[in-house]
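In: sequence first, predicted coordinates after that:
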Amino acid sequence: MKYHPNEIETKWQKYWAQNQTFAASNNAEKPKYYVLDMFPYPSGAGLHVGHPLGYIASDIYARFKRHQGFNVLHPMGYDSFGLPAEQYAIQTGQHPEKTTRENIARYREQLDKIGFSFDWQREVRTSNPDYYKHTQWIFIQLFESYYCYDAQKALPITELISIFEKSGNSAVNAACDDDVRSFTAAEWHAFSDAEKQKILLQYRLTYLAETEVNWCPALGTVLANDEIVNGVSERGGHPVVRKKMTQWSMRISAYAERLLQGLDEIDWTESLKEAQRNWIGKSVGASVRFQLQDSVHSIEVFTTRPDTIFGVTFMTLAPEHELVAQITSAEQKAAVEAYVEATAKRSERERMADVKTISGVFTGAYALHPFTQELIPVWIGDYVLAGYGTGAVMAVPAGDERDYAFANFFKGSLGMPEIKNIFNQDISQAAFADKSGFELINSDFLNGLDYKAATKKIVEALEQIGAGKAKINYRLRDAVFSRQRYWGEPFPVYYVNGLPQMIAPEHLPVVLPEVEKYLPTEDGQPPLGNASEWAWSTTQNKVVSNDQIDHETVFPLELNTMPGWAGSSWYWMRYMDAHNTTEFASQEALNYWQNVDLYIGGSEHATGHLLYSRFWNKFLKDRGFAPTEEPFKKLINQGMILGTGAYYPFFFCTVEISKNENLIDSSKANWKDLKVNVLVFTKISEKIDDGTIDSFFPEIPKIDNKEITSQILPLFKKYLKDNYDDNDSFNLSDDCFNLNVEETNYDLNPKRIPYRSIDPNTHEIDVEKMRQDAMFSFAIKVGNEPIYATTEIGKMSKSWLNVVSPDDICTEYGADTLRLYEMFLGPLEQAKPWNTAGITGVFGFLKKLWRLYFDDHGWAVTNDAPTAEMYKSLHKTIKKVTEDIDNFSFNTSVSQFMICVNELSQQKCHHRAILEPLAVLVSPYAPHIAEELWQQLGHEGSVSLVAFPVCEAKYLVESEKEYPVSFNGKMRFTLKLPLDLTPAQIEEIVMADERTQQQLQGRTPNKVIIVPGKIINLVG
């Protein structure tokens, strides 16, 4: 009986679905274990073999924990709001919901084929109203909360209102905007309702504010910093500029310290923790205020080196700083405005990364030193960011390399004084940036002090004159929460006199309206501005027509939508109680599952999704809606599966194809004359230049046009048949067509070709196979010589033409082979190249495993007693695999399986006592074949719930030793002996061995050295 993976896998996938084998219970007596994958965005391309890597690893672990008796929650869903579906809608007019639904169906089909043990009853889709209803509810809770630093937690906004009513805000220690004015209780009571709402917006955890944002004109939306790569949008590579817009923001900065401290409590890799620490960016220093000359304005700076204040030579503002336009002199206005405009075209990330370019403009304004009253010129420079600190720096060239370079670059320019040295160190060649090994000079009352003493003294002095104070600063900024897109969660917000009001939770969800166009409106409003019904009736408590807006009972709704990270910031809790219609999850479900025990996903989410998720989880914990402080106990970043890119210097020619009107009735041939671009592959030889330089150049090939046209005609006929359903033209003789090679472009630069069109071992190009790709349907090969591609390892992507579909692997070799091979490629966390040629070895292993249970005559399993060697092979594998799974070393487990099966095959093992536990052992990795073998062994039900085998140490004890027998230190033969023999018994057996007698030739050795369990050596 042969191994037929497709039949077996279809059978067991159907069984799992019908019997809901992997459904988790919220009321189990078993201990819980929650395994989660970062859910995917369902793109139109479907999965390639790199995507399932983490899913396979998590599935192995989930199945392992089930075998160990845990109630395992292992769900899957879709992060289904996203830009690609909307971009497709803009291009085609097709609703994003339809595209998304079709893509999800494709993903589900692929995931099912790989045999994952997901609890599909709990599937979530962030774009479904029954899901984003709860996202909207969480948004409302954030709006109705503020962060109290005294309590170190979020509290209801009603408690803040009570404080205002009793004592104003002078004693309030809460996260808020920088420009909050002080007021008394009496003043609070005297404020109008609108004034009160505006003040509360300055404290709420989600709030409206005019902020500097990353605006992408091509996408028509604001992007988060983590959605920008190298100054352009991650999606589409479009330019991004900085501009001010009124946006919803999340006050994540209030949680900065807790986000830092929480990293010490979770089992994440140190590199991932460090990425978050750097993003949060805690700095200890002082806030210093510099009064502007002849102005009511002042500049506040945050510095980690207040001890260097007497070395301030100039000040630099971010180009987008709010004071720039107000303080710039008439003489400098044109230069400043031009610089501000240029800077707006660069993203913050690009500006932070560019440490080599030095640029800036003097504003013409001066600030006053808080102690000496000296004039300090004020510049603008793009190395200062408006969102970090205060958007201004006091520049001390003597102690900072960047300030030093800036001062020297503009040395002698208007507004750039000489550098002041404040250290007893030489700064003629470079700044002195150390915090030790110096004494201050030219620093008034700080002279002679070191860093620590000077810092303490200057902070005290600043506080005494009211010019500054000690301060802790964080790089982490509040997160912009608005997107000018259609395909996202609608805000549960309407506006009364321009102020936001929340829709009552009992009226959620506010569902996305239908629109005619998915582009922004003609007057620049977001796409929801195209909706004819997008107003809120406070009497009917529902969405009504815009025509009914009267600003008395019917009001306009928010036109922005939430960002892509909204739905992913709490989804793990929805899986706990996915069908709850009244709340995002019941307290019973939340208290049972608590949080995620194991989370697996890509490292690219380190400072986006993972930070936002921790923020929302902490907030929900503060308000009593979540049971734990952290969402994910243990997190593993899987590495990337790399693809092989292939190149070849093919060239192009244009061929015009027309009908021979004398031979074709045009009324019957329903195609028009057209031109096709032909991709010509031929052997490219190299020639040496005239000898003046040592260089090789590709030689332009000489090709007869008839060679091209003779190959193109059958391809064109096939094209007509496939695209025009034109069988009549397909069957016409060749002379019915006129072909003319119009133009040839001998561009011999290497170009990408589909990797699947080359032999994985020799890299020979198969042009016929290449034509299976639509882009290469008119590719031809001229000449009989083989041609070979150049290859390189890189990412697996559509643009590299090297995507390998898991469907193809499953069809040819089976899902179990795919699962084992992906684990076999290398350590989970590391990047590793895909090589289809290596998959046959894993497929061969599964066939060899099958033959332990079946031979050529059928079922081969016996009830015979196993040998000690068989037990040893099995229990050695049990021990190794158990340890490997616990350590997530899945690749070495696969190696051990291969060793074990090889040993059992050599031992001719068909013994039930060995093969039953072996089927369970292999089940997490290759579940389909394990299920089939378990059933063939006579068992009912699924093998996935059977207890995992336990290693028994007694079977690993060595009973024999293969001794090297040496004569005068040279090993001559080996001898296997029981380990419990005494030295005298060993000597007796060795001396009686005929090989010993041959070596001694009648002599008696002077000495016999025996170390039991190690060596035997005869001397003399």
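Out: Yep, it's here. Numbers count the residues shown, from 1 in each chain.

In: mind checking how far the most centrally placed residue in the chain is from Lys273?
Out: The centroid of the chain falls nearest to Glu604 when counting by Cα atoms, centre = their mean (3.2 Å). Counting by Cβ to Cβ, to the nearest Å, the gap from Glu604 to Lys273 is 16 Å. Heads up, the C-betas are built off the backbone N, CA and C, glycines and all.

In: and for Asp673?
Out: 65 Å.

In: between the two, which one's more packed in?
Out: A count of neighbours by other Cβ atoms under 10 Å puts Lys273 above the other of Asp673 and Lys273, at 17 against 10.

In: would you quantify the distance from the residue nearest to the centre of the chain to Met562?
Out: Counting by Cβ to Cβ, the gap from Glu604 to Met562 is 21 Å.

In: what of Lys880?
Out: In this view, Lys880 and Met562 are 48 Å apart by Cβ to Cβ.

In: neighbour count: those two, which is higher?
Out: Ranked by neighbour count (other Cβ under 10 Å), Lys880 and Met562 place Met562 first, with 24 against 19.

In: so what's the more buried one up against?
Out: 135, 139, 481-483, 488-491 (Cβ atoms under 8 Å, 6 or more residues apart in numbering).

In: now with 6 Å, please.
Out: The contact partners of Met562, by Cβ atoms under 6 Å, 6 or more residues apart in numbering, come to 488-489.

In: cool, Glu656 as well?
Out: Contacts of Glu656 were listed using Cβ under 6 Å, 6+ apart, and they are 675, 740, 742.

In: beta partners of it?
Out: Beta-bridge partners recorded for Glu656 (DSSP bridges): Lys675, Asn740.

In: gap between it and Leu223?
Out: Glu656 is 45 Å from Leu223, by Cβ to Cβ.

In: tell me which residues in stretch 469-483 are buried?
Out: The neighbour-count check on stretch 469-483 (16 or more other Cβ atoms under 10 Å) flags 471, 473-483 as buried.

In: make JSON lines out of those residues and add pLDDT and secondary structure.
Out: Shown next, in JSON lines, are these (pLDDT from 0 to 100; DSSP: H, G, I helix; E, B strand; the rest coil):
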{"residue": "Lys471", "pLDDT": "94", "secondary structure": "strand"}
{"residue": "Asn473", "pLDDT": "91", "secondary structure": "strand"}
{"residue": "Tyr474", "pLDDT": "93", "secondary structure": "strand"}
{"residue": "Arg475", "pLDDT": "90", "secondary structure": "coil"}
{"residue": "Leu476", "pLDDT": "93", "secondary structure": "coil"}
{"residue": "Arg477", "pLDDT": "90", "secondary structure": "coil"}
{"residue": "Asp478", "pLDDT": "93", "secondary structure": "coil"}
{"residue": "Ala479", "pLDDT": "92", "secondary structure": "strand"}
{"residue": "Val480", "pLDDT": "91", "secondary structure": "strand"}
{"residue": "Phe481", "pLDDT": "95", "secondary structure": "coil"}
{"residue": "Ser482", "pLDDT": "92", "secondary structure": "coil"}
{"residue": "Arg483", "pLDDT": "92", "secondary structure": "strand"}
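
In: got a markdown table for the residues you listed, with distance to Pro526 too?
Out: Output for these, formatted as a markdown table (distance: Cβ to Cβ, whole Å):
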| residue | distance to Pro526 |
| --- | --- |
| Lys471 | 37 |
| Asn473 | 34 |
| Tyr474 | 31 |
| Arg475 | 30 |
| Leu476 | 27 |
| Arg477 | 23 |
| Asp478 | 21 |
| Ala479 | 19 |
| Val480 | 14 |
| Phe481 | 14 |
| Ser482 | 9 |
| Arg483 | 8 |
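
In: Pro527: which of those is nearest?
Out: Of all the buried residues of stretch 469-483, Pro527 sits closest to Arg483, with 10.2 Å by Cβ to Cβ.

In: any idea how far the closest one lies from Tyr495?
Out: 18 Å.

In: now do Val1008
Out: Using Cβ to Cβ, we find Val1008 at a distance of 100 Å from Tyr495.

In: same deal with Pro631?
Out: Distance of Pro631 to Tyr495, given as Cβ to Cβ: 33 Å.

In: please apply the same query to Asn103.
Out: Counting by Cβ to Cβ, the gap from Asn103 to Tyr495 is 35 Å.

In: who's more crowded, the two?
Out: Taking neighbours as other Cβ under 10 Å, Asn103 and Tyr495 compare with Asn103 leading, 23 against 16.

In: that one: what's it in contact with?
Out: Taking Cβ under 6 Å, 6+ apart as the test, what Asn103 contacts is 42, 44.

In: can you tell me the SS state at it?
Out: Classification of Asn103 by DSSP: H, G, I helix; E, B strand; the rest coil places it in helix.

In: contact partners for Tyr132?
Out: By Cβ under 6 Å, 6+ apart, the contact set of Tyr132 is Glu489.

In: mind checking the SS state of it?
Out: Three-state call for Tyr132 (three-state DSSP): helix.

In: ramachandran angles for Trp536?
Out: Taking degrees, to the nearest 10, you get phi -110, psi 130 for the backbone angles of Trp536.

In: is it true that it touches Phe555?
Out: Yes. Proximity of Trp536 to Phe555 meets the contact threshold set by Cβ atoms under 6 Å, at 5.5 Å.

In: okay, those two: which has more neighbours?
Out: Taking neighbours as other Cβ under 10 Å, Trp536 and Phe555 compare with Trp536 leading, 26 against 19.

In: now do the helices in the stretch 351-500 of the chain.
Out: Applying DSSP state H, counting those that start in this stretch to the stretch 351-500 of the chain gives helices spanning 401-409, 451-465.

In: which SSE is the closest residue to Val480 other than its chain neighbours in?
Out: The spatially closest residue to Val480, leaving aside those adjacent along the chain, is Gln247, at 5.1 Å (Cβ to Cβ, 6 or more residues apart in numbering). Here Gln247, judged by DSSP states H and E, is contained in strand 241-250.

In: which other helices and strands does that strand contact?
Out: strand 206-216, strand 479-480 (3 or more Cβ pairs under 6 Å, 6 or more residues apart in numbering; DSSP states H and E).

In: report the inter-axis angle for that strand versus strand 206-216.
Out: Per axes from the mean of the first three to the mean of the last three Cα atoms, to 10 degrees, the angle that strand 241-250 makes with strand 206-216 is 150 degrees.

In: which parts of strand 241-250 are buried?
Out: Under the neighbour-count criterion of 16+ other Cβ under 10 Å, strand 241-250 has 241-242, 247-250 buried.

In: do stretch 740-756 as well
Out: Neighbour counts over stretch 740-756 (16+ other Cβ under 10 Å) mark 741, 744, 748, 753-756 as buried.

In: now swap in stretch 990-1002 and tell me
Out: 990, 996, 999.

In: now, which of the residues you listed lie within strands?
Out: Applying DSSP state E to the buried residues of stretch 990-1002, no entry is found in strands.

In: now, which of the residues you listed sits nearest Ile712?
Out: Gln999 (78.5 Å).

In: that closest one and Phe967 touch, don't they?
Out: Yes. Here Gln999 reaches Phe967: they are 5.1 Å apart, a contact under Cβ under 6 Å.

In: any stretches of the protein with poor pLDDT?
Out: For the chain, residues meeting the criterion pLDDT under 70 lie at 225-226, 665-671, 686-698, 725-730.

In: returning to what we had before: from the helices of the stretch 351-500 of the chain, which stretch is densest packed?
Out: Most buried of the helices of the stretch 351-500 of the chain by mean neighbour count (mean count of other Cβ atoms under 10 Å) is helix 401-409; its value is a mean of 19.

In: that concludes my questions; thank you for your assistance.
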